[in-house]
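Student: What would the 3D arrangement of this be:
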Amino acid sequence: MQLDKLFLNFGLASSAAELVTLLLVLLVLSTIFWLLVGRFRLHNFLINIYISIAILQVIPDDLLSFSKNSSVLFFLISVVLLTLLNKHLFDIHQSGSGLALWQVFLMSFFEVVLLLSIIFSFLPVKDVTKYISKNSLGYFIDPWWRLGWMILPLAFLVFVNKRDK
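Tutor: From the prediction side, this is the model:
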């Protein structure tokens, strides 16, 4: 990322500049994701992510051996297909006005990081490190971080629903 050089000019250490750059990129991606998916479909999209990763885990390896990145391709296609078929499968309706703006933004942030964590974990490290450093990549593919990114969206939904009642 070339943006971290800008933060280096402001006097930040290289690791801090890298983290600030990563955070800014994630915030921009979260905003774009929220605008594309919509505030009322964030719950459905989260369910689609979990379903797609569950299906991917049980597919035999020889079915996905046609390409180097076939796992990522299958995951993305299944998330998109489930999202397109949402009205016919399991459309979850939120009562009231939905989540507050900060809740929508935080939920979209968690979903974007979860998506990136899943995608990066299936890609070869040498391919991903062309775009992101090994230190930053650890926040996405380390087993403990991956577990956290899988649990955080659900924990956030539980927290938000308890506060509303």
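Student: When you work out contacts or count neighbours from here on, use the C-alpha atoms and nothing else.
Tutor: Will do.
Student: residues in contact with the helix or strand hosting I118?
Tutor: Under the criterion of DSSP states H and E, I118 resides in helix 101-122. By Cα atoms under 8 Å, 6 or more residues apart in numbering, the residues outside helix 101-122 that reach it are 26-27, 29-31, 33-34, 39, 42, 46, 49, 69, 71-72, 128, 140-141, 146, 149-150, 152-153, 156, 160.
Student: The same query, at a cut-off of 7 Å, please.
Tutor: Applying Cα atoms under 7 Å, 6 or more residues apart in numbering, the external contacts of helix 101-122 come out as 27, 30-31, 33-34, 39, 42, 46, 71-72, 128, 140-141, 146, 149-150, 152-153.
Student: swap in stretch 72-84?
Tutor: F45, N48, I49, S52, I53, L56, I119, F122.
Student: Drop anything exposed from the contacts of helix 101-122.
Tutor: Among the contacts of helix 101-122, the ones that count as buried by 16 or more other Cα atoms under 10 Å are 27, 30-31, 33-34, 39, 42, 46, 71-72, 140-141, 146, 149-150, 152-153.
Student: which SS class is R39?
Tutor: Of the three states, R39 takes coil according to DSSP: H, G, I helix; E, B strand; the rest coil.
Student: need the contact list for it.
Tutor: R39 sits in contact with V104, where contact means Cα under 7 Å, 6+ apart.
Student: still on that earlier bit, and the helix holding I118, what's buried?
Tutor: So helix 101-122, judged by 16+ other Cα under 10 Å, has buried residues 104-122.
Student: Convert that helix to PDB, retaining C-alpha atoms only.
Tutor: What follows is helix 101-122, C-alpha atoms only, in PDB (Å, rounded to 0.1, in the frame of the first residue of the first chain):
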ATOM      1  CA  LEU A 101     -26.200   4.300  11.900                       C
ATOM      2  CA  TRP A 102     -23.200   3.500  14.100                       C
ATOM      3  CA  GLN A 103     -24.500  -0.100  14.500                       C
ATOM      4  CA  VAL A 104     -24.900  -0.500  10.700                       C
ATOM      5  CA  PHE A 105     -21.400   0.800  10.100                       C
ATOM      6  CA  LEU A 106     -19.900  -1.500  12.800                       C
ATOM      7  CA  MET A 107     -21.800  -4.500  11.500                       C
ATOM      8  CA  SER A 108     -20.700  -3.800   7.900                       C
ATOM      9  CA  PHE A 109     -17.100  -3.400   9.200                       C
ATOM     10  CA  PHE A 110     -17.300  -6.800  11.000                       C
ATOM     11  CA  GLU A 111     -18.700  -8.500   7.800                       C
ATOM     12  CA  VAL A 112     -16.000  -7.000   5.500                       C
ATOM     13  CA  VAL A 113     -13.200  -8.100   7.800                       C
ATOM     14  CA  LEU A 114     -14.900 -11.600   8.100                       C
ATOM     15  CA  LEU A 115     -15.100 -11.800   4.300                       C
ATOM     16  CA  LEU A 116     -11.500 -10.700   3.900                       C
ATOM     17  CA  SER A 117     -10.400 -13.200   6.500                       C
ATOM     18  CA  ILE A 118     -12.100 -16.100   4.800                       C
ATOM     19  CA  ILE A 119     -10.800 -15.100   1.300                       C
ATOM     20  CA  PHE A 120      -7.200 -14.500   2.500                       C
ATOM     21  CA  SER A 121      -7.200 -17.800   4.300                       C
ATOM     22  CA  PHE A 122      -7.800 -19.700   1.100                       C
END
